[in-house]
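J.: okay, here's the prediction I keep looking at, along with the sequence it came from:
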Amino acid sequence: MQQKLLLEILKELKAQRAENAELWAVDDIGNYMRLSRSSIQSRVICRKDFPRAIRIPTDTGMGGRRWYAKEVKFWVSQNREPAQH
């Protein structure tokens, strides 16, 4: 019984670690926010308060931009409308 519980905890911790390191491209952000690629590019990722992108170096220079999924999700949560009274 204890071993099964420990294995379940370990599985959950591994899943959380993978989620924290997950990188998203523009299309992933669009899918999450239910916005078109052009809207994400022209109205979201260009904002000064949006999380900074990561550039993965390639043999030919810098690759496409990526963002940590957890940072994008946090940014979205910080931009909720205020509660109406």
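T.: Looks like it arrived, so ask away.
J.: need the contact list for Tyr68.
T.: 20-24, 51, 54 (C-beta atoms under 8 Å, 6 or more residues apart in numbering). Every residue, glycine included, has its C-beta placed from N, CA and C.
J.: partners of it in the sheet?
T.: For Tyr68, the beta-bridge partners under DSSP bridges are Leu23.
J.: how close does it get to Pro57?
T.: Distance of Tyr68 to Pro57, given as C-beta to C-beta, to the nearest Å: 17 Å.
J.: now do Gln41
T.: Counting by C-beta to C-beta, the separation of Gln41 from Pro57 is 22 Å.
J.: compare those two (neighbour count), which wins?
T.: Gln41 (14 against 8; other C-beta atoms under 10 Å).
J.: not counting sequence-adjacent ones, nearest residue to the residue nearest the centre of the chain?
T.: The chain has Ala69 as the residue nearest its centroid, 1.2 Å off, counting by C-alpha atoms, centre = their mean. Nearest non-adjacent residue to Ala69, counting by C-beta to C-beta, 6 or more residues apart in numbering: Glu22, 4.2 Å away.
J.: mind listing what Ile24 touches?
T.: Residue 24: Trp, not Ile. By C-beta under 8 Å, 6+ apart, the neighbours of Trp24 are 32, 66-69, 72.
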